[in-house]
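S.K.: Pasting the sequence and the predicted coordinates here, then a few questions.
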Amino acid sequence: SRPFMDLNCTAVPEDLLEGEIFGIEKGAMPGVEKTKKGKLDLAQGGTLYIEDISEMNQAVQAKLLRYLQEKRYQRLGGTDLVENDV
């Protein structure tokens, strides 16, 4: 009954992967007119299955590791910490 999200890192362009995982704040980049939820937001209380994580660049891997340790993250272009449990 809890959300299950799947993310294949090879299916998402590298420059969009961070926003796909963590979400994007309104106005963070051209064309983003409202806050976009990331996979972590959508999987709240459930599971996020990440395929081919080795294809993710090291900066995004580090940000994901930080999330796993602290259970908090910032959306792309954001300043507030978002807490959740995935």
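M.R.: Done, it's in. Numbering: from 1, shown residues only.
S.K.: On the three-state scheme, the residue nearest in space to the middle of the chain is what?
M.R.: In the chain, the centroid-proximal residue (C-alpha atoms, centre = their mean) is I21; its distance is 1.8 Å. Counting by DSSP: H, G, I helix; E, B strand; the rest coil, the backbone at I21 sits in helix.
S.K.: how far away is it from S1?
M.R.: Per C-beta to C-beta, to the nearest Å, I21 is found 23 Å from S1. In this view, the C-beta of every residue, glycine as well, is placed from N, C-alpha and C.
S.K.: ditto for E55
M.R.: 31 Å.
S.K.: Just want to know which of these two has more residues nearby.
M.R.: E55 (14 against 4; other C-beta atoms under 10 Å).
S.K.: Isn't the more buried one up against C9?
M.R.: Yes - E55 sits in contact with C9 when judged by C-beta atoms under 8 Å, with a separation of 4.4 Å.
S.K.: Quick check: buried residues in the helix or strand encompassing L65?
M.R.: Element membership for L65 (DSSP states H and E) is helix 58-70. Residues of helix 58-70 classed as buried by neighbour count (16 or more other C-beta atoms under 10 Å): V60, K63, L64, Y67.
S.K.: Please apply the same query to stretch 33-53.
M.R.: Quick answer for stretch 33-53 (16+ other C-beta under 10 Å): T35, K36, G38, K39, L40, D41, A43, Q44, L48.
S.K.: got it, and stretch 71-86?
M.R.: Buried-residue list, stretch 71-86, by 16+ other C-beta under 10 Å: Y73, Q74, R75, L76, G77, G78, V82, V86.
S.K.: These in strands, which ones?
M.R.: Y73, Q74, V82 (DSSP state E).
S.K.: Mind putting these into CSV with distance to G31?
M.R.: Conversion of these to CSV gives the following (distance: C-beta to C-beta, whole Å):
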residue, distance to G31
Y73, 22
Q74, 20
V82, 22
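S.K.: Many thanks, we can stop here.
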